[in-house]
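>>> this one's structure only:
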């Protein structure tokens, strides 16, 4: 079985400061991991994904995440927050086995203060 | 290439009515997935369909909910005799191939169902 724990339900940062959104996962099989962003009343946009290649994954809008198998973590970071980054972020895991569906974390709401 | 199209974007139904949510996948995509997002929650998998076939419906409630993806036309998620607890955002996603090949799935903008 797969599961995802997003350790913070809400993170608040000042504009221009670093962003860290934490995610731990568990998976019975080798996992694929994703971060999606959701702006209010909008659909989900893929930020980045890890599928067993390089452990440091670069995504859109300056975001990146590092897969750490020993820590079962896939934290999302960005060096400098912009106001437009304020949104809900979801960490997602999928086992690389058969047609197992995506399993979503509960989300972390990022607020950016001017 | 248009993205995944869902309609209606917002739907209000009275308790006991039926709700029908439609999803047109991206061009060339034959795999469709439905997810439900309850308030303050992440998305929960409901059903995975390929043209004319249900591949995995392990996340679908056993009663009142059904889904189809006909040979022609959009995928339909149907909720009969809606109750207040059905109020949620329903997201459709599509992919050109199945999950297992590491493909990204692309989400639509969602359909927000409110049951009054």
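Perfect, I can see it now. Since this is a predicted model, take the numbers as computed values, not measurements. Residues are numbered from 1 along each chain as shown, chains lettered A, B, ... in the order given.

>>> for chain A, what lies in contact range of chain B?
With Cβ under 8 Å from any Cβ of the partner chain as the criterion, chain A comes near chain B at residues A:4, A:32, A:34, A:36, A:41-46, A:49, A:51, A:90, A:94, A:96-107. C-beta: built from backbone N, CA, C; applies to glycine.

>>> which PyMOL command selects the buried ones in these?
A single PyMOL command is used to select the members of those judged buried by 16 or more other Cβ atoms under 10 Å in any protein chain shown:
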select buried, chain A and resi 4+32+34+36+43+44+46+49+51+90+94+96+100+101+102+103+104+105+107
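
>>> hang on, isn't residue B:37 packed against residue B:45?
No - at 11.1 Å, residue B:37 does not count as touching residue B:45 under the criterion of Cβ atoms under 8 Å.

>>> contact partners for residue B:46?
B:33, B:34, B:35, B:36, B:57, B:59, B:60, B:65, B:67, B:77 (Cβ atoms under 8 Å, 6 or more residues apart in numbering or on different chains).

>>> what of residue A:40?
residue A:87.

>>> hmm, try it at 10 Å
Neighbour list for residue A:40: A:86, A:87, A:88 [criterion: Cβ atoms under 10 Å, 6 or more residues apart in numbering or on different chains].

>>> residue B:112 too?
Residue B:112 makes contact with A:41, B:8, B:9, B:10, B:11, B:12, B:21, B:37, B:87, B:88, B:89, B:90, according to Cβ under 10 Å, 6+ apart.

>>> and it, what element?
Taking DSSP states H and E as the criterion, residue B:112 maps to strand B:111-115.

>>> close to chain A, is the helix or strand hosting residue B:54?
In this structure, residue B:54 sits in strand B:53-56 according to DSSP H and E. Yes - on the criterion Cβ under 10 Å from any Cβ of the partner chain, strand B:53-56 is in touch with chain A at B:55, B:56.
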